[in-house]
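Engineer: Next comes the sequence, and after it the predicted model I'd like to discuss.
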Amino acid sequence: MIEIKHVPNILTGSRIIFSLGLLFVNPLSAEFFILYLLCGTTDVLDGYLARRTGIASSFGATFDSIADFIFFGIVLIVFIPLIQCPWWVLLWIGLIVSVRFTTLGVGYAKYQEISFLHTYANKATGAALFFFPFIDQLFGLKVTALLVCGAATFSALEELVITLTSKELKKDTRSFFVK
């Protein structure tokens, strides 16, 4: 029998598996959207259950961030060829990814561990990225790129500033503006 304390991490692990599955189905097919929605559902449920049951852990937070990183990386791999991004969107995405990797490097050098933060801006960016295919259908690529890349830029820069200025690693830092 599975103990409740393992359920959030099982959900997080399943998100990684579902994310990898996105690479093996036709993009925008029914199978794709089922896996996509399972990724989103497990992302919401894992953290909710961990906090609600009082079993949140540093490992779980890091595992969740790694699963998010894998999911969004795979989504980029799948969607960039499909949507035929203009050069400025690809450049913008490249800059965001560079800031994210710089932040991880700085965090690792400073704290000797992976230092993904769970800020409000990161959560908002995650939601914007998750809803990307739907927003794109409603507003088109330019508006969607401005919205998603704008949110991602703000959250990446905020996380870098927090990492550079914090004396200790607090993964649940909500915002640079909220202490």
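Structural biologist: Everything's here; your move. Numbers count the residues shown, from 1 in each chain.

Engineer: From now on I want contacts and neighbour counts done on CA atoms only, so please keep to that.
Structural biologist: OK.

Engineer: can I see the domain layout of this protein?
Structural biologist: Using automatic domain parsing, the domain parsing of the chain gives 1-84, 85-179.

Engineer: I'd like those as JSON lines, with mean pLDDT appended.
Structural biologist: JSON lines is the format used below for those (pLDDT from 0 to 100):
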{"stretch": "domain 1-84", "mean pLDDT": "90"}
{"stretch": "domain 85-179", "mean pLDDT": "91"}
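
Engineer: can you redo these as JSON lines with mean neighbour count?
Structural biologist: Output for the domains of the chain, formatted as JSON lines (neighbours: other C-alpha atoms under 10 Å):
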{"stretch": "domain 1-84", "mean neighbour count": "16"}
{"stretch": "domain 85-179", "mean neighbour count": "17"}
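
Engineer: and the residue nearest to Phe132 when sequence neighbours are not counted, what does it touch?
Structural biologist: Leaving aside its sequence neighbours, Phe132 sits nearest to Thr144 (C-alpha to C-alpha, 6 or more residues apart in numbering; 6.9 Å). Thr144 sits next to Phe132, Ile135, Asp136 when contact means C-alpha atoms under 8 Å, 6 or more residues apart in numbering.

Engineer: In which helix or strand does the closest residue to Leu35 other than its chain neighbours reside?
Structural biologist: In this structure, Leu35 finds its nearest non-sequential neighbour in Phe18, 5.6 Å apart by C-alpha to C-alpha, 6+ apart. For Phe18, the host element (DSSP states H and E) is helix 7-21.
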